[in-house]
Each structure stands twice: as C-alpha cells, then as structure tokens.
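# Below is the sequence, then the predicted model.
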Amino acid sequence: MLKTKIAVFVSGGGTNLQALIDAQQNGSLSSGEIALVVASNPQAYALTRAAEHGIPSAVVVRREFPSQTAYEETLKEVLAEYGIEMIVLAGFMSILSENFTSAYPKRIINIHPSLIPSFCGKGYYGLKVHEAALAYGVKVTGATVHFVNEIPDGGEILLQKAVEVKEGDTPEALQRRVMEEAEWILLPKATEQVARDLQKGK
C-alpha cells in the first residue's frame, strides 16, 4: 500500500523531527513517510538532520513575501511538487491562516507543550509555555497533539500525555522533561494514526 507522504514543518533544532525520523527507522511510523522538511528559518538545525537522513528540504521564509497569501501560495506549490498529503508542525513558529489550513482539512497536526486548553493559543510557544505553567503553580503539565485549524491551538485533540512538574523545576528542565516523556512519544504515534487513516482513504 502506498505510504502517506508527509511534510514536517520546522523552525529550529528539530528534536521532534528527529523523533519522527527515529520512528520511521524503527518501524513505528510505517503508514507514512517523511517526504519533505519545510523550514521557516534557513539556519534551522532541523535542515541538517533532514540532510543527514537524505530527506529533501525547502526553506520558505515569511518575511521574504509581500503578504501572508503570497507566502502560503508558495508553501502550497512546494507541497504539491512533492505530492504531500499530510503536514506535521514540529516546532514551527510561523502562523498559518485559514486560507492555508482549510486547504488541508484533518491533514495538519501540531504538537503543543501543554495539556490544552491550559497555556495555549496566541503567544504561548516554546519556553513561554513552561514559564507560564510554573508561574501558575500547576503540579501536572504535558503535551498535546491536535489537528490544526484557523484558531491557534484550537483544533480537535488527538492525543495527550501528562508529565509531572517537580519541585525546583526551571522552565528549561520542564521543557526537556515534557519533550522526553510526552512530545517525542506522542508525535510519532499521532502521525502514524493520521497517516494510516489517510492511507485507508486512498
């Protein structure tokens, strides 16, 4: 059966991309294949990870376009060129509008480093999420994989996993634990789930 062609959108180090590559190599991600890595930043280390594993990549930078529409049309063209059927946002820092997300209904997933609906939405990304969790004093945080729609972190939830907040945690320590105990486990699992459903529909 033909595998679902996946594009992974990245902006930085690409640790979640690495989790997906590892899952593909160990067979736990088998219904889909990473056919493209799209970076919003030409310096993203994720591009090096892609190159090391022979995965094609493209760099599309929002500020190089006169409008959001022009930027998103270019993204769509790049995705079409590679026959992409599913998108995984793995630490992708550019906002996508409804014009883009509606073109891929139930085909875009995102990993968010909290238990949605806590600490999510506009302005909550990266370390800011963990800073907010610690400032609020929650005892449990985690990660969520959800479908992407026009509302930041507002799409239907696919998977969640809780992670304990420990005494004396710094935002950095908490971020690392959430990655190791939740993000790197959930994202490959959810990617396989959606890729398998899309594969069945072929």
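That came through fine.

# all contacts plus neighbour counts: C-alpha atoms, from now on.
Will do.

# Distance check, residue 168 against residue 22.
32 Å (C-alpha to C-alpha, to the nearest Å).

# Same check on residue 183?
For residue 183 relative to residue 22 (C-alpha to C-alpha), the value is 13 Å.

# just residue 170 next, same as before
28 Å.

# Over to residue 91?
As for residue 91, its distance to residue 22 is 17 Å (criterion: C-alpha to C-alpha).

# returning to what we had before: more neighbours, residue 168 and residue 22?
residue 22 (15 against 9; other C-alpha atoms under 10 Å).

# Secondary structure element holding the more buried one?
Using DSSP states H and E, residue 22 sits within helix 15-26.

# Show me what that helix is in contact with.
Helix 15-26 is contacted from outside by 8, 10, 29-30, 33-34, 46, 49, 90-91, 183-185, 187-188, using C-alpha atoms under 8 Å, 6 or more residues apart in numbering.

# which helices and strands sit right next to the helix or strand following it?
Sequence-wise, the next helix or strand downstream of helix 15-26 (DSSP H and E) is strand 32-39. Under the contact definition 3 or more C-alpha pairs under 8 Å, 6 or more residues apart in numbering; DSSP states H and E, strand 32-39 sits against strand 4-10, helix 45-52, strand 57-59, helix 184-200.

# Now strand 32-39 - C-alpha only, CSV.
This file holds the C-alpha atoms of strand 32-39, laid out as CSV (Å, rounded to 0.1, in the frame of the first residue of the first chain):
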residue,chain,number,x,y,z
GLY,A,32,3.6,7.4,6.2
GLU,A,33,7.0,8.6,5.0
ILE,A,34,8.7,11.9,5.6
ALA,A,35,9.0,13.1,2.0
LEU,A,36,9.9,16.8,2.8
VAL,A,37,11.1,19.0,5.6
VAL,A,38,10.0,22.7,5.3
ALA,A,39,11.9,25.3,7.4
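
# Could you point out which of the helices and strands packed on strand 32-39 sits nearest residue 140?
Ranking the helices and strands packed on strand 32-39 by proximity to residue 140 (C-alpha to C-alpha) places helix 184-200 first, at 16.7 Å.
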